[in-house]
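In: Here you go, sequence then predicted model.
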Amino acid sequence: MKDIYIHPTALVETEEIGEGTNIWAFAHVMEGARIGKNCNIGDHCFVESGAVVGNDATVKNGNMLWEGVTIEDGVFVGPHVFFTNDLYPRTRWLPQTRLRYAEDRTWLSPTLVKQGASLGAGAILLAGITIGDYAMVGLGAVVLKDVLPYVLVRGNPARASGWVCQCGKPLKFDHEITVCATCGLAFRQEDGSVRCLDGQKS
Amino acid sequence: MKDIYIHPTALVETEEIGEGTNIWAFAHVMEGARIGKNCNIGDHCFVESGAVVGNDATVKNGNMLWEGVTIEDGVFVGPHVFFTNDLYPRTRWLPQTRLRYAEDRTWLSPTLVKQGASLGAGAILLAGITIGDYAMVGLGAVVLKDVLPYVLVRGNPARASGWVCQCGKPLKFDHEITVCATCGLAFRQEDGSVRCLDGQKS
Amino acid sequence: MKDIYIHPTALVETEEIGEGTNIWAFAHVMEGARIGKNCNIGDHCFVESGAVVGNDATVKNGNMLWEGVTIEDGVFVGPHVFFTNDLYPRTRWLPQTRLRYAEDRTWLSPTLVKQGASLGAGAILLAGITIGDYAMVGLGAVVLKDVLPYVLVRGNPARASGWVCQCGKPLKFDHEITVCATCGLAFRQEDGSVRCLDGQKS
């Protein structure tokens, strides 16, 4: 018997929700969506058929996770983040566009948010983007390119402006190796990318 | 008898909805709003009295169409686009502002989105703006000026960064006349504006 | 007996709502939230435990007021403004972050929006910010620093771009003292800050 909380006003049309997950008020999870264990899906969220959320994720209020969006384990999706899945969006009821949308889903560009990453409030992700492990997207950033693991990006368009630890705090690299002043994890920076030297993934 | 779908959780207070239109979950369409035929109004949308939507439009989730906003036929409104209708917004309960809001609607600046245009996710439109036929507003763009037909705009503030076809794909002009590589429509660029040479409107 | 309107679809779990206030459709006001008199809380809003709204405030649709957010009297919160309360957000279900979120609320950075200020549609406020009396935040502005009274800010990141009156209209300073052409209030500019010379609060 699964310990799932679904608010009385929420609409949940999928069976694929892991134990310990909460779905809050006025949220709508469609048939064919998949949500893992111990997640929070905030008020007024919409999770479309084909969207996937891993375990231990926080999806704050007002998010819309479309078909093609994959949220891995331990991700933080801030309030009202903007996901997209179509680089050339048009209404599909025009004669000029019906062919494109009638085909198999070649119009769809997927989005992948990898383990432990955070997306700040109101961040906007172009369709087709990958956000690396534990990366952090600043509030309101407009992300047009992939973001590497542990990178902080900010601005419109979003640009790298530092590194962050798995715990969320900034990392400083005076040398090739650094230790997070907050949580003690060790990292190595090499050729512009950062990896964790401790046991936790990547 | 009209073939309209209204989700059981939606609130629809207007009679003026065209056949073939769907109103999805937790949406609220007020009395005095008008919506045409074959439209999709997504979850959590709000359509205020005085807002107008034409035929064949797609209004993705979480949009708020205020009084003064007109969406023409075949428009795509991406998720969570921001419309506004007041250039100097204040609460109307202050003594300093009551006079302004008590008058006839001189405080209201209308917005017009013309036939076939697309507004990307999280785009923001200053009150008083017109978006031209088949124009495309990039995701997260902050639009402070009118946008001409077939123009793609991006950034904050939004600036022109190319041309798009009626089908949504980019147009390249090596000469005064070009043909869309995707759908074959022909266009002429003249004095900085583009028009379609085929039968479809403008 | 209090004259409060709560839409039948709204969820209101607090007793602390002042008379004359309206709570609209699909809004959710949690236990422990406080809202003053004569306010409008629009459709699809979320007001969390610990959020505070003063009197005569307009909170347009789709706003999320988190714990730590204080909205003073007479504030205008435009559609879908983004508030935040955590500078280093992570999901709290990761081993790496549990310690931080288990502690007392040291992770929480409060936001204060002072009397009569306006926040434009889609504006984004970094956690820990104060918006001064009657200041105006332009639509889509990303506010990373405090905003002084009567200042208009715009852009990403937001920068000062003028002054506004209590009534919302722009103020021009040709000299140290000016009078609003719309409503007649007088102001003095001194050392980069503006104050009102008339009886109404600062």
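Out: Good, I have the coordinates.
In: Any part of the helix-or-strand element of chain A with minimal mean pLDDT near chain B?
Out: The helix or strand of chain A with the poorest confidence is helix A:95-102; it has a mean of 85 (mean pLDDT, DSSP states H and E). Yes. Applying CB under 8 Å from any CB of the partner chain, one finds helix A:95-102 touching chain B at A:95-97, A:99-100. The C-beta positions use only the backbone N, C-alpha and C, and glycine is treated the same way.
In: Please identify the buried residues of that helix?
Out: For helix A:95-102, a neighbour-count test (16 or more other CB atoms under 10 Å in any protein chain shown) marks A:96-97, A:100 as buried.
In: Paired strands for the helix or strand that it is followed by, with orientation please.
Out: Sequence-wise, the next helix or strand downstream of helix A:95-102 (DSSP states H and E) is strand A:111-113. Using DSSP bridges, strand A:111-113 pairs in its sheet with strand A:69-71 (parallel), strand A:130-131 (parallel).
In: Residues contacting strand A:111-113, please?
Out: Residues outside strand A:111-113 that contact it (CB atoms under 8 Å, 6 or more residues apart in numbering or on different chains): A:68-72, A:75, A:77, A:83-85, A:119, A:125, A:127-131.
In: beta partners of the spatially most central residue of chain A?
Out: Nearest to the centroid of the C-alpha atoms of chain A, with distances taken as CA atoms, centre = their mean, sits residue A:113, at 4.1 Å. Note on residue A:113: beta-bridge partners by DSSP bridges are residue A:71, residue A:131.
In: What pLDDT is listed against it?
Out: Reported pLDDT at residue A:113 in the predicted model: 98.
In: Against residue A:132, how distant is it?
Out: 9 Å (CB to CB, to the nearest Å).
In: follow-up on the earlier one: list only those of the contacts of strand A:111-113 flagged as buried.
Out: Listed as buried from the contacts of strand A:111-113 are A:68-72, A:75, A:77, A:83-85, A:119, A:125, A:127-131; burial here means 16+ other CB under 10 Å.
In: pLDDT value on the residue nearest to residue A:123 when sequence neighbours are not counted, please?
Out: Closest residue in space to residue A:123, ignoring its immediate chain neighbours: residue A:137 at 4.5 Å, by CB to CB, 6 or more residues apart in numbering or on different chains. Turning to residue A:137, the model gives it a pLDDT of 98.
In: I'd assumed residue A:147 was in contact with residue A:137.
Out: Yes. Counting by CB atoms under 8 Å, residue A:137 touches residue A:147, with 6.7 Å between them.
In: can you list residues touching both of these two?
Out: A:117, A:131, A:153, A:158.
In: Out of those residues, who's the most crowded?
Out: The most crowded member of these, judged by other CB atoms under 10 Å in any protein chain shown, is residue A:117 (29 neighbours).
In: how about low-confidence regions in chain A?
Out: Where chain A drops to pLDDT under 70, the residues are A:1, A:200-202.
In: Quick check: what element follows the helix or strand containing residue A:153 along the chain?
Out: In the assignment (DSSP H and E), residue A:153 maps to strand A:151-154. Proceeding N to C from strand A:151-154, the next assigned helix or strand is strand A:159-164, under DSSP H and E.
In: Just the buried positions in that next one, please.
Out: Result for strand A:159-164 [16+ other CB under 10 Å]: buried residues A:163-164.
In: Direction included, what does that strand pair up with?
Out: Strand A:159-164 has these strand partners (DSSP bridges): strand A:151-154 (antiparallel), strand A:170-171 (antiparallel).
In: Please dump those strands into JSON lines; it should also carry distance to residue B:104 for every row.
Out: Listed next are these as JSON lines, based on distance: least, CB to CB, whole Å:
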{"stretch": "strand A:151-154", "distance to residue B:104": "44"}
{"stretch": "strand A:170-171", "distance to residue B:104": "53"}
